[in-house]
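Q: attaching a predicted model along with its sequence, questions to come.
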Amino acid sequence: MLLTISNANHFPVSVEIPIGSPGQKIVAQGENLPQTDGIATWSRSLAAGEEAQLRYSY
């Protein structure tokens, strides 16, 4: 799976994206996904105009 996020604002933003369901094993390529309430969560800060991608599997 590929998840792409972007920031079209003129200011930085922070995002937290839960992936899957509680207890589900999510494997991210090149990143460690901490769990929030048992759910793997991708947290990123994006500068104005920045884009980020996360590749993962479950």
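A: Received, thanks. Numbering: from 1, shown residues only.
Q: all strands for the protein, in order.
A: 2-6, 13-19, 27-28, 35-36, 39-46, 51-57 (DSSP state E).
Q: okay, those strands in a markdown table with mean neighbour count next?
A: Using the backbone N, CA and C atoms, a C-beta is placed for each residue, glycine as well. Listed next are those as a markdown table, based on neighbours: other CB atoms under 10 Å:
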| stretch | mean neighbour count |
| --- | --- |
| strand 2-6 | 11 |
| strand 13-19 | 13 |
| strand 27-28 | 14 |
| strand 35-36 | 12 |
| strand 39-46 | 16 |
| strand 51-57 | 13 |
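Q: now those strands as CSV including mean pLDDT?
A: As requested, those are exported to CSV (pLDDT from 0 to 100):
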stretch, mean pLDDT
strand 2-6, 98
strand 13-19, 97
strand 27-28, 96
strand 35-36, 95
strand 39-46, 97
strand 51-57, 98
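Q: what bridges to Leu2?
A: When assigned by DSSP bridges, Leu2 has beta-bridge partners Arg55.
Q: distance check, it against Arg55.
A: Using CB to CB, to the nearest Å, we find Leu2 at a distance of 6 Å from Arg55.
Q: contacting residues around the residue lying closest to Ala28 once chain neighbours are set aside?
A: Setting aside the residues directly before and after it, Ala28 is nearest to Tyr56 in space (CB to CB, 6 or more residues apart in numbering), at 4.4 Å. Contact analysis of Tyr56 by CB atoms under 8 Å, 6 or more residues apart in numbering lists Met1, Leu3, Ile19, Ile26, Val27, Ala28, Gln29, Leu33.
Q: ok, now how distant is Tyr56 from Thr41?
A: 12 Å.
Q: again, but for Glu31
A: Taking CB to CB, one finds Glu31 at 11 Å from Thr41.
Q: try Asn9
A: Computed as CB to CB, the Asn9 to Thr41 distance reads 21 Å.
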